[in-house]
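Asker: Predicted model and sequence below, questions to follow.
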Amino acid sequence: MARLQHAPLELAPLIEEVRAAPYGALATFSGTVRDHHAGRSVRSLSYTAYEPMAEQICAQIVAEAEARFTVHVALAHRLGDVPIGEAAVLVAVGSAHRGPAFDALRWVIDEVKSRVPIWKRECYADGSEAWVDPTVEGGVHPVSATG
């Protein structure tokens, strides 16, 4: 299961999605919005995406992880304005054993960060803004005065 949503994310529904009697391991990841990036104070941020493409790639990542690690995966990513301290991405993995659950969890979040076309616009305390792209060196593209 993979989804994008504009409402706040909740971990409990993802856990229920991957919980099953054969699974002795349940691993979760919560990526929360922090108040700094690259030494700068962040006051707010917003995520945007071409939703059909981003959802398709998220679903592909989940399917690949499930086949590769023999696990069950649930993934949710937030779009729109996300306040400091709130979850931007959640991943839950159920597995028979902890090793595959941990391996799949790390693999899924790394793949999401490198493959899914979701862009983050950070607003800094000094009034400047930038688009953050973790897939390129440096990863920050300043926003011009005209947007």
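Answerer: Looks like it arrived, so ask away.

Asker: Pull the contacting residues for the spatially most central residue of the chain.
Answerer: For the chain, the residue sitting closest to the mean C-alpha position, by C-alpha atoms, centre = their mean, is residue 89 at 3.3 Å. Contacts were defined as C-beta atoms under 8 Å, 6 or more residues apart in numbering; by that measure residue 89 touches 9, 29, 30, 31, 75, 76, 77, 78, 109, 112. No exception for glycine: its C-beta is placed from N, CA and C like everyone else's.

Asker: hmm, 6 Å instead?
Answerer: Under the criterion of C-beta atoms under 6 Å, 6 or more residues apart in numbering, the contact list for residue 89 reads 31, 77.

Asker: ok, residue 18 - how many residues close by?
Answerer: Counted with other C-beta atoms under 10 Å, the burial measure for residue 18 works out to 21 neighbours.

Asker: any chance you could map the helices in the protein?
Answerer: Under the criterion DSSP state H, the chain carries helices at the ranges 11-18, 51-69, 98-115.

Asker: Would you mind checking the average pLDDT for the shortest one?
Answerer: Looking back up the chat, that one is helix 11-18. Averaging pLDDT along helix 11-18 gives 97.

Asker: Can you spell out which helices and strands pack onto it?
Answerer: With contacts defined as 3 or more C-beta pairs under 6 Å, 6 or more residues apart in numbering; DSSP states H and E, the secondary structure elements packing on helix 11-18 are strand 72-78, strand 87-95.

Asker: now swap in the last one and tell me
Answerer: When contacts are defined as 3+ C-beta pairs under 6 Å, 6+ apart, helix 98-115 packs onto strand 25-32, helix 51-69, strand 87-95.
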